[in-house]
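**Q** have a look at this prediction, sequence included:
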Amino acid sequence: MCGIIGYIGKQQATPILIEGLRRLEYRGYDSAGVAVLQNRELSTRKKKGKIDEGLAKVVQASPIYGQVGLGHTRWATHGPPTDENSHPHLDESGKLAVVHNGVIENFDTLKDRFLKAGHTFKSATDTEVLAHLIGHHYQMLTDAGKAGWSGEGTHPLTKAVMSALGEVIGTYGIGVICTDHPGIMVGARRGSPLIVGVGDGEHFLASDAS
Ligand code: GLU
């Protein structure tokens, strides 16, 4: 179990993410992190420990700005509670950030495949493998010249998430953002809770608070 929060809109994302994580902390409290997108760059802050003793202090000392972001408070299943194992996790390119609640059961097979392809992993989590898998599918769309969006049809980031999840055995609630598409935040779930908040010019993702 863990807590996920996502924000996309006109306000600064970080304070909203931190406050959302505080409210979801009962779902997981061994570590926490945020990733925020600004000027087509992702900045992440991650810290072992409770939010107010760890992440909130890190963010106060080293603020990150942007109007799109993801946050996560973790209850570790794969890899011990450490700064490195905290979410969000990035793909191989560093362009894509993922938060995840659940377990990727076939992560070891997928990880072997990406290690053979020369990928580097920074954590011991199943979630980082999922980030690399989504990044791989997004890269295939990029290589085929299909990662741009005309405003019609299924968004390429959504397509990449859908095709990646077709390879996954396990449970997930996820949030995904990408530096190429600062106006898009993708959520998906299977067997783990995830709710969408639709606002006026701003939208949210969150783990169910039940
Ligand atoms: N399996 C993931 C991990 O260990 C997510 C755990 C969670 O739901 O917090 O990092």
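**A** Ah, there it is.
**Q** distance from the strand or helix carrying Val196 to the middle of the chain?
**A** In the assignment (DSSP states H and E), Val196 maps to strand 195-198. Taking C-alpha atoms, centre = their mean, to the nearest Å, one finds strand 195-198 lying 16 Å from the centre of the chain it belongs to.
**Q** center of this structure - which residue?
**A** Closest residue to the average C-alpha location of the chain: Val98 at 2.0 Å, with C-alpha atoms, centre = their mean.
**Q** returning to what we had before: would you give the sheet partners of the strand holding Val196, along with the direction of each?
**A** Paired strands of strand 195-198, with direction, are strand 203-206 (antiparallel) (DSSP bridges).
**Q** grab the CA positions of the strand it pairs with and hand them over as PDB.
**A** C-alpha atoms of strand 203-206 as PDB (Å, rounded to 0.1, in the frame of the first residue of the first chain):
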ATOM      1  CA  HIS A 203      -6.800  18.100 -12.200                       C
ATOM      2  CA  PHE A 204      -5.600  15.700  -9.600                       C
ATOM      3  CA  LEU A 205      -4.800  12.000  -9.100                       C
ATOM      4  CA  ALA A 206      -4.900  10.400  -5.700                       C
END
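**Q** shift numbering so it begins at 25
**A** OK, 25 is where the count begins now, so the last one is strand 227-230.
**Q** does the ligand sit close to it?
**A** No - Strand 227-230 does not reach the ligand (C-beta under 6 Å from any ligand atom); its nearest approach is 13.9 Å. Quick note: C-beta positions are derived from backbone N, CA and C, even for glycine.
**Q** what's the answer for stretch 135-153, then?
**A** Yes - applying C-beta under 6 Å from any ligand atom, one finds stretch 135-153 touching the ligand at 149-151.
**Q** tell me which helix or strand Leu139 sits in.
**A** Here Leu139 is assigned to helix 131-140, by DSSP H and E.
**Q** I'd like the distance from that helix to the chain centre, please.
**A** Distance, centroid of helix 131-140 to centroid of chain: 19 Å (C-alpha atoms, centre = their mean).
**Q** show the subsequent helix or strand relative to it.
**A** helix 150-167.
**Q** check which helices and strands that next one sits against.
**A** Contacts defined by 3 or more C-beta pairs under 8 Å, 6 or more residues apart in numbering; DSSP states H and E place helix 150-167 against strand 113-114, strand 120-128, helix 131-140, helix 180-189, strand 194-202.
**Q** winner for burial among the ones you listed?
**A** strand 120-128 (a mean of 26; mean count of other C-beta atoms under 10 Å).
**Q** report the angle between that one and helix 180-189.
**A** Angle, strand 120-128 to helix 180-189, by axes from the mean of the first three to the mean of the last three C-alpha atoms, to 10 degrees: 30 degrees.
**Q** which bits of the chain sit near the ligand?
**A** 25-26, 52, 98-103, 124-127, 149-151.
**Q** circling back to that earlier point, how about the contacts made by the closest residue to the residue nearest to the centre of the chain other than its chain neighbours?
**A** Take Val122 and drop its neighbours on the chain: the residue closest to it by C-beta to C-beta, 6 or more residues apart in numbering is Ala155, 4.1 Å away. Listed by C-beta atoms under 8 Å, 6 or more residues apart in numbering, the contact set of Ala155 reads 113-115, 120-122.
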